[in-house]
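Give me the fold of what follows.
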Amino acid sequence: MARPPPSSSSPFASAPPPGGAQTVGFRPPSSQPTRPFTPSGPPMAPPVGAMRPGQSPFVSQIPGSRPPPPAYGGPPGGGGGSFQRFPAPPPPFPGIQNPPPSGPPATQTLAGHLSPHMSLRPQQPMGPGGYASPPGPGFQLNPSYSGVGGGPQPSFPGYPSNQAPPMPFQSSSQGPRPTYPPQTGGFGQHPGQQNLHPSYAPPTSNVQGLAEDFNSLSLSNIPGSLEPGLDPSSFPRPLDGDVEPNSFAEMYPMNCHSRYLRLTTSAIPSSQSLASRWHLPLGAVVCPLAEAPEGEEVPLVDFGSSGIIRCRRCRTYVNPYVAFTDSGRKWRCNICSMLNDVPGEYFSHLDATGRRMDVDQRPELTQGSVDFIAPTEYMVRPPMPPTYFFLIDVSFSATKSGMLEVAAQTIKSCLDNLPGYPRTQIGFITYDSTLHFYNLKSSLSQPQMMVVSDLDDIFIPLPDDLLVNLSESRNVVEAFLDGLPLMFQDNVNVESAFGPAVKAAYMVMNQLGDKLLIFQNSLPSLGAGRLKLRGDDPRVYGTDKEYALRVAEDAFYKQMAADCTKFQIAINVYAFSDKYTDIASLGTLAKYTGGQVYYYPGFQSSIHGDKLRHELARDLTRETAWESVMRIRCGKGIRCSSYHGNFMLRSADLLALPAVDCDKAYAVQLALEETLLTTPTVYFQVALLYTASCGERRIRVHTAIAPVVTDLGEMYRQADTGSIVSVYARLAIEKTLSAKLDDARNAIQQKIVKALREYRNLHSVQHRLGSRLIYPESLKFLPLYGLAICKSTPLHGGPADASLDERSAAGFTMMALPVKKLLKLLYPSVFRVDEWLLKPSADHDDLKDVLRKLPLAAESLDSRGLYIYDDGFRLVLWFGRMLSPDIAKCLLGTDFAAELSRVTLQEQENGMSKKLMRLIKKMRDNDPSYHPMCLLVRQGEQPREGFLLLRNLIEDQMGGSTGYVDWMLQLHRQVQQNA
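Numbering: from 1, shown residues only. Down below sits the predicted model:
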């Protein structure tokens, strides 16, 4: 997009945000080291009339450009709108709703109130008028320091600005909080920027200037040029990956870990009017079975004869935030405030502080996450054994590509590790134009195959012997898997009776339920659910009918998914074809049964075999929760308004999840039921009722608390970008199923614009913002992630940029991803490795120190280097055109000069190759949920280079798409409209 003329985009000179206006609420601590003063000589007071380079001398003289001074009676308020007047500063504690726990330092707010939930710290001595006294004449704050209320705000690592005329973009750093000296300029000015005329200055007194509580980004014209002087290196980038806010966990140490539950903001709005001004999603991302590090496993609690302790009214499970009263005979529910009796078996005396004497022996009263063993009343039927049923396409393409052989070998290698031994059940159906059932009864020496060719009237031969106990029929199962590839190696049948095969599998499984794995190689062509080729008419794209290509064509698929969910059958779809397979329809089976879609376009066993082996093995062997339902309970005045992910809603708030594992997450949006929340905090509890593979019925409970705030600025400060982006990505993908891609992309942009505009309005009264784009420290990466969502495979470009199947498969995958994996997919890692490979190898290379993530832009790539691109799903090795031939020869052997599309990376007999393979293995081991396939590309190999790497450099303009710089300019212009 063309940049605006200088007159419309006023000077965007990088203004150093020195600190922040003080606002109600808490402020997170930070572990960032203190930034030293920049070596610019001793601090001196600027001469009167001095101004920042690039600043127009007339800015301060525009009438009305300076906000009026705040009312006396308290320090300047922040962000909440107009100033309030108080007759006199009240005592220090009247605003506290809860006793302040230890945690982040207190923040001074209007009229001397302390924000809730804060520890106290000594305040700056107060000068006349209730303002902090300056440290003395001649003192000037270095611009890189925070202001009085600025809060610890880290700078962007690795990106020093080298822009001369405009001051470089800097985040407020942290450290001690010095105060500003008396200024002769207007309120909201920076150190070193003062009015040119004394008549525009406030009365000279020891009045502290308003500090800035936000980051800002500006453009200004380069002197003597009309071009904006923009330094893209100063833009914020998530080069450290997903950085979770830690203030929330420190304030409430008994909350469940954020790997299980992440709120979009840890500050809940107190009113519907405040929530409507938030503009960002108010919600959470839930990953109930997230993998815990060793030593942090979720404790297992058995209440025995007393039964599970729950609230009689709202059914909340006992948790660390319930209160025991009446000498321990009653407990008050933290969600609905109901007083409940304590069963005699659970009784314990209270100490002088009201705590139970046995609290340290009760994990459910000290930890936010716990597993309860459920008694028989939590079972509709006895727990079923873990069941794995395989539905395998054996048509011509499946055998020719090698898929059949790899799948059979992998299943056989995993038999010893399937969860639930010795109760595990297993069965198989294969299909082409007919269905093939297999009798695997333990008394047989070889499996018996039965063929059903009537696709319109499916029946089940030998219904009792198609699903067998694995430990009893182990020899027969192994014999079947050994012979399966040979049995169909000469098959030339190209038809696919996919729909009838799914119906047959459902008929076999509906007594037990559990997991159905489908291996599909072509477009379903026979019987129920047959599909036709779609998407070959280019005239449909860009019209209101475009979205129909991305939803299931036949109602058979959603109905089949609903039937399977009813009988606790979860479906995982493995799709392999290099031709159109209608993943939009096939994936519907996985979406509504809590399953997953794995897509291997153009599968060839020699290239994709390792990826299939690892991902299928993980699918079969990871710990799984069977026959699950999940409910999220919220405190009074809050409710869950919508859910997003792969599941079926059984009732208004009950999610049916036939199978759940650690790789699946679900997003939820929250709404306020009442006009005004009267409680100081809100509680959330996630409960997952499931059957463990060992046969126990369990309830996993995650509980968290969040404070209620009346200040919009506090909501922004406590925002969690990772959670917000996860919700946005799911909403955007869902919108592509009912609207054009353009509409989905525009919706994301408008949501970000509204949020930034509202944030700007918070500060526009106290600060002269000019043409700066301002944003809170907590959301500094949100614009870039918004651009990444718009450039992700489900939403990117038009019909030529990604196939229909590719878009649909990526959409189904992203809908289920936990936060960290989704953020890595949206903003992948790029490392330079050739310099590291040339260094002497250390015994324990610390890869974080050795490999530094680079911005996703072409200018990060040096033609003399070797780079690795990693998005969690694939690794791309990019060989620069001028990379030393010796390095290429060491890594690729005799193939170093060949076309890299035909080369597979293998370990060579030299130290450099072994070092690289160790690095790749470590990167894969860091996230075993998917197995990134390693692809090689040389600079200039088109179109391969563009497809594998260049189009994924999201900061660049590529194929008509917007780059990071233009994206920020677009946001900036739209934020300033009506601001």
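
For Ala667, list the residues it contacts.
Taking C-beta atoms under 8 Å, 6 or more residues apart in numbering as the definition of contact, the neighbours of Ala667 are Gly283, Ala284, Val285, Val286, Tyr643, His644, Gly645, Ser726, Val727, Arg730. Where you see a C-beta, it was placed from the backbone N, CA and C, and this is true even at glycine.

now with 7 Å?
Residues near Ala667 by C-beta atoms under 7 Å, 6 or more residues apart in numbering: Gly283, Val285, His644, Gly645, Ser726, Val727, Arg730.

got the phi/psi numbers for the first one?
Put plainly, it is Gly283. Here the main-chain torsion angles of Gly283 (degrees, to the nearest 10) amount to phi -170, psi -150.

That one contacts Thr265, correct?
No: counting by C-beta atoms under 7 Å, Gly283 sits too far from Thr265 to count as a contact (9.2 Å).

Quick one: neighbours of Glu495, just the number.
Other residues lying near Glu495 total 17 when counted by other C-beta atoms under 10 Å.

check contacts around the closest residue in space to it that isn't next to it in sequence.
Distance criterion C-beta to C-beta, 6 or more residues apart in numbering; nearest residue to Glu495, sequence neighbours excluded, is Ser433 at 3.8 Å. Listed by C-beta under 7 Å, 6+ apart, the contact set of Ser433 reads Asn493, Glu495, Ala497, Leu526.

Let's verify Ser433: helix, strand, or coil?
Following DSSP: H, G, I helix; E, B strand; the rest coil, the label given to Ser433 is coil.

Could you check how far it is from Leu455?
The gap separating Ser433 from Leu455 is 8 Å, by C-beta to C-beta, to the nearest Å.

Kindly report the same for Ser306.
For Ser306, the distance to Leu455 equals 55 Å [C-beta to C-beta].

do Met630 as well
Computed as C-beta to C-beta, the Met630 to Leu455 distance reads 37 Å.

Give me the more crowded residue out of those two.
Between Met630 and Leu455, counted using other C-beta under 10 Å, the more crowded position is Met630 (24 against 20).

Which is the succeeding secondary structure element to the strand or helix carrying the more buried one?
When secondary structure is defined by DSSP states H and E, Met630 falls within strand 624-634. Scanning forward in sequence from strand 624-634 by DSSP H and E, the next helix or strand is strand 638-644.

Run through who's touching the helix or strand sitting right after that following strand along the chain.
Going down the chain from strand 638-644, the next helix or strand is strand 648-649, by DSSP H and E. Strand 648-649 has contacts (C-beta under 7 Å, 6+ apart) with Ala562, Thr565, Tyr592, Tyr643, Leu655, Ala656.

Paired strands for strand 648-649, with orientation please.
According to DSSP bridges, strand 648-649 has the following sheet partners: strand 654-661 (antiparallel).

middle-most residue in the chain, spatially?
The chain has Val819 as the residue nearest its centroid, 2.5 Å off, counting by C-alpha atoms, centre = their mean.

now it, nearest residue through space, not along the chain?
Once its chain neighbours are removed from consideration, Val819 has its nearest residue in Gly722; the separation is 4.4 Å (C-beta to C-beta, 6+ apart).

Quick check: that neighbour touching Leu823?
Yes: in terms of C-beta under 7 Å, Gly722 counts as a neighbour of Leu823; the distance is 5.7 Å.

if I look at those two, which residues touch both of them?
Asp242.

can you tell me the helix or strand for Ala671?
Following DSSP H and E, the helix or strand that holds Ala671 is strand 666-672.

That strand: what's the following helix or strand?
strand 681-691.

Return the residues in contact with Pro383.
By C-beta under 7 Å, 6+ apart, the residues touching Pro383 are Thr691, Gly695, Arg697.

Distance check, it against Arg717.
Between Pro383 and Arg717 the distance is 46 Å, computed by C-beta to C-beta.

ok, now Asn491?
On the measure of C-beta to C-beta, Asn491 and Arg717 end up 63 Å apart.

more crowded one of these two?
Set side by side, Asn491 and Arg717 show unequal neighbour counts under other C-beta under 10 Å, the larger going to Arg717 at 30 against 17.

where do the helices sit along the stretch 701-850 of the chain?
Residue ranges of the helices in the stretch 701-850 of the chain, as given by DSSP state H, counting those that start in this stretch, are 712-717, 721-735, 741-763, 782-790, 804-816, 819-826, 834-838, 847-850.

which of the contacts of strand 648-649 lies closest to Ala548?
Minimum separation from Ala548 among those (C-beta to C-beta) is found for Tyr592, which lies at 18.5 Å.

Now that closest one: closest residue in space that isn't a chain neighbour?
That would be Ala561: by C-beta to C-beta, 6+ apart, it lies 3.7 Å from Tyr592.

doesn't Leu586 make contact with the one you found?
No: using C-beta under 7 Å as the test, Ala561 is too far from Leu586 to be in contact (10.7 Å).

Of the two, give the one with the bigger neighbour count.
Counting neighbours by other C-beta under 10 Å for Ala561 and for Leu586 shows that Leu586 has the greater number, 29 against 24.
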